[in-house]
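Colleague: Sequence first, predicted coordinates after that:
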Amino acid sequence: MSNLVKCVVPVSGGKDSQVCLALAVKHFGAENVIGLFCDTQYEHELTYKHVEKMKGMYGVEIITRCDGDVLNLVRKYKRFPSGTARFCTDQLKINVSKKFYKTLAEYQEQGFEVWYGMRSGESHERAKRYEDKIDNELYEPHEILPSNYPKYLGKMGVRFRLPIMDWTAKEVFEFLDGAENPLYAKGFDRVGCFPCLAGGDWSKEKAFGLDEFGAEQLAKVRIVEKEIGKNVFTSKGGVQRNNPDQLCLICQI
C-alpha cells in the first residue's frame, strides 16, 4: 500500500460489495481504494476466483485476512450457527475487519472511509436498522452496528458509508451487467459461505447438491456432525429428506 488509503471496501465476492468497490474506485480513484476479503475458508471455489478476478477488473488491491474457519468454530462451540448465533460472522468477518481498520488507521495516522454493501431491501431487519440512515452520509462505525464496532474506531477517523442502501437487487444486477459472481447465474440469491450454515435447509440442500464442490462441502459437514452430535439440517423436513434413516431432532428429545 504505497498510496494513502482513502477507502476500504469489504468484499465477499457478492454483488452488493462488488458494486460498492466499483463506485468507490470511481469516486476516489483505484490507487486510493483497497478491498478487504475476510476468508472463512468455506467459500465456493468460484467465489475465490471471482474475488481474484475483481482485482484486475477494478485495478485495486484486495487484501485477504483469515482468522480461522467455519467448521472449526462449529467444533469449538459444538453447534452449527443459526440466525440467533452467528458466531461465524462475528469471529471471521466482523472481528477480523475491526482489527484491520484499527491497524490501518494506526499505520496511516489518520482515518478513512469504509463503504459497506448493505441494502435495506435485503431483509426486514436491515430495513429497520437503517431506516434513519442516508446513503451519502458518513457515520462512525458504532452508529451503524453498535453491537459490533467500538467507539474508538470513530475516534481514529474511521467512517462508514452505505452507498447502495436504497438500491434494489435489480438495480445492482443492471449495474454489474453480467460481471457478477457466476454463482448467481446458477440460481443463488446470496454469495458467501457455501452454504451458509445458519441459513434454511432448502438453501443448504441446493448448495450441497449443486456440483462436485458442493458434495465435498457436505462430506466435510457430515464428519463434523458426527463429532458434535448435531445435524446441520434443522427442520423436520430437512432431516427426513437428507437423513431418512433418522428420526427428526424433535422426535429424538
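Modeller: Ah, there it is.

Colleague: helix/strand/coil for residue 62?
Modeller: Of the three states, residue 62 takes strand under DSSP: H, G, I helix; E, B strand; the rest coil.

Colleague: List the contacts of it.
Modeller: Residues near residue 62 by C-beta atoms under 8 Å, 6 or more residues apart in numbering: 11, 34-37, 51-52, 54-55. Every C-beta, even on glycine, is put in place using the N, C-alpha and C of the backbone.

Colleague: now residue 25, nearest residue through space, not along the chain?
Modeller: Spatial nearest neighbour of residue 25, excluding adjacent residues (C-beta to C-beta, 6 or more residues apart in numbering): residue 58 at 4.9 Å.

Colleague: Sorry, wrong one. I was asking about residue 10.
Modeller: Closest residue to residue 10 apart from its sequence neighbours, by C-beta to C-beta, 6+ apart: residue 36 at 5.0 Å.

Colleague: and the one you found, what pLDDT?
Modeller: You'll see residue 36 listed with a pLDDT of 98.

Colleague: same for the longest helix seen in the chain, what does it pack against?
Modeller: Longest helix in the chain, counting residues (DSSP state H): helix 212-228. In terms of contacts (3 or more C-beta pairs under 8 Å, 6 or more residues apart in numbering; DSSP states H and E), helix 212-228 is packed against helix 70-77, helix 201-208.

Colleague: Could you list every helix and strand in contact with the helix or strand following it?
Modeller: Per DSSP states H and E, the first helix or strand lying C-terminal to helix 212-228 is helix 236-242. Where contact means 3+ C-beta pairs under 8 Å, 6+ apart, helix 236-242 is packed against helix 201-208.

Colleague: chain center to the helix it packs on, what's the gap?
Modeller: 18 Å (C-alpha atoms, centre = their mean, to the nearest Å).

Colleague: List the buried residues of that helix.
Modeller: For helix 201-208, burial by neighbour count (16 or more other C-beta atoms under 10 Å) applies to 201, 204-208.

Colleague: Identify, from the contacts of residue 62, the entry nearest to residue 81.
Modeller: residue 37 (19.8 Å; C-beta to C-beta).
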